[in-house]
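Visitor: Sequence plus predicted model, see below.
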Amino acid sequence: MLHTHEYPILEFDDAPVAKLNPEVFAGEKLSAHKLVITFFPEVIDALKASGEIELERVISGENPVYLYHFADRKDILITLGYIGAAACGGNLDLFHAMGVNKVMFCGGGGVLDGTIQVGQLLVVDGAIRDEGFSYHYVAPSRVIYTDTAVTERIVRYLEAQDISHLRGLVWTTDAIFRETEAKIERRRAEGARIVEMEQAGCIAVAQARGFDYGALIYGGDDVSQSEWSERGWRSRKGIRHDLVMLCKRLLDEI
């Protein structure tokens, strides 16, 4: 049923079937149902070069999507995420149609609290929905939350392994160049600790389709100060590799 509204983005239709559905493009099921989505291309390249991952499938199109499986764990897939909720969330919906039902996401984001160090992990409890994609999957709300049971299992594992972490909300935005001072202050006051571009959309797809999803975001650049600081966050190769391997292990826990 379509719930009409003055603003189109708030017109939510809860019909589960659309005119075009991901099953149209899914083809044969993947060989595995567990997936790591990472935003670290150099980690993917290194794993390919060392033979630790092998090509599973190429999803053809204007921007081909490459899915790999781990050589030592062929039941776990890995892929490079696309930037933005629409691209990353759309691909996630397609992956689910291809058989994926357990997903761990790892990426980086801009810290809204300057005390969060580069590389510090945030377990995502939910996202402030300041994008458009999620509103087509889940009815409008200010915040969308991850599945509590999945998030608690992630936290228990990190605690058992003595892995330092934070947990809390992220702010998902479509517009990297419109993170204004006033918006940053408001989102921080609402409890967001990191700003990024995918979580609201990915969480919404997982909710709407009914599969397990968890996310770890590490502290990257700093948008909390009077001037933006890059903090060399993309050069932390060790952190990024270890985060991918951590998500691989977590897929056995969620």
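Guide: Received it, and whenever you're ready, just let me know what you need. Residues are numbered from 1 along each chain as shown.
Visitor: list the buried ones in stretch 242-254?
Guide: Using 16 or more other C-beta atoms under 10 Å as the burial criterion, the residues of stretch 242-254 that qualify are 242-244, 246-248, 250-251, 254. No exception for glycine: its C-beta is placed from N, CA and C like everyone else's.
Visitor: Would you quantify the distance from the closest residue to residue 241 other than its chain neighbours to residue 108?
Guide: Excluding the flanking residues, the one nearest residue 241 by C-beta to C-beta, 6 or more residues apart in numbering is residue 43, at 5.2 Å. Going from residue 43 to residue 108 by C-beta to C-beta, to the nearest Å gives 12 Å.
Visitor: residues shared between the contacts of these two?
Guide: Here residue 43 and residue 108 share the contacting residues residue 240, scored by C-beta atoms under 8 Å, 6 or more residues apart in numbering.
Visitor: before we move on, the earlier item: got CSV for the buried residues of stretch 242-254, with secondary structure, pLDDT and distance to residue 15 too?
Guide: Below are the buried residues of stretch 242-254 laid out as CSV (DSSP: H, G, I helix; E, B strand; the rest coil; pLDDT from 0 to 100; distance: C-beta to C-beta, whole Å):
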residue, secondary structure, pLDDT, distance to residue 15
242, helix, 93, 42
243, helix, 94, 37
244, helix, 97, 37
246, helix, 97, 38
247, helix, 98, 33
248, helix, 98, 36
250, helix, 98, 33
251, coil, 98, 31
254, coil, 94, 29
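Visitor: Show me which of those residues is closest to residue 213.
Guide: Nearest to residue 213 among those: residue 254, at 8.3 Å, using C-beta to C-beta.
Visitor: dump the residue contacts of the closest one.
Guide: Residue 254 neighbours (C-beta under 8 Å, 6+ apart): 102, 104, 150, 153-154, 212, 214.
Visitor: Repeat that for residue 244.
Guide: With C-beta under 8 Å, 6+ apart, residue 244 has these contacts: 36, 38, 40, 43, 47, 78, 106.
Visitor: go on, residue 134?
Guide: With contact set as C-beta under 8 Å, 6+ apart, residue 134 has these partners: 85, 89, 127, 144, 172, 200-201, 203-204.
Visitor: count of neighbours near residue 159?
Guide: If you count neighbours by other C-beta atoms under 10 Å, residue 159 ends up with 11.
Visitor: coming back round to it: same list, the contacts of residue 134, but as CSV with distance to residue 117 please.
Guide: Formatted as CSV, the contacts of residue 134 follow (distance: C-beta to C-beta, whole Å):
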residue, distance to residue 117
85, 26
89, 29
127, 22
144, 27
172, 22
200, 25
201, 27
203, 25
204, 30
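Visitor: Out of those residues, the closest to residue 137 would be?
Guide: Using C-beta to C-beta, these come closest to residue 137 at residue 204, 4.0 Å.
Visitor: Kindly indicate whether the closest one is helix, strand or coil.
Guide: With DSSP: H, G, I helix; E, B strand; the rest coil as the basis, residue 204 sits in helix.
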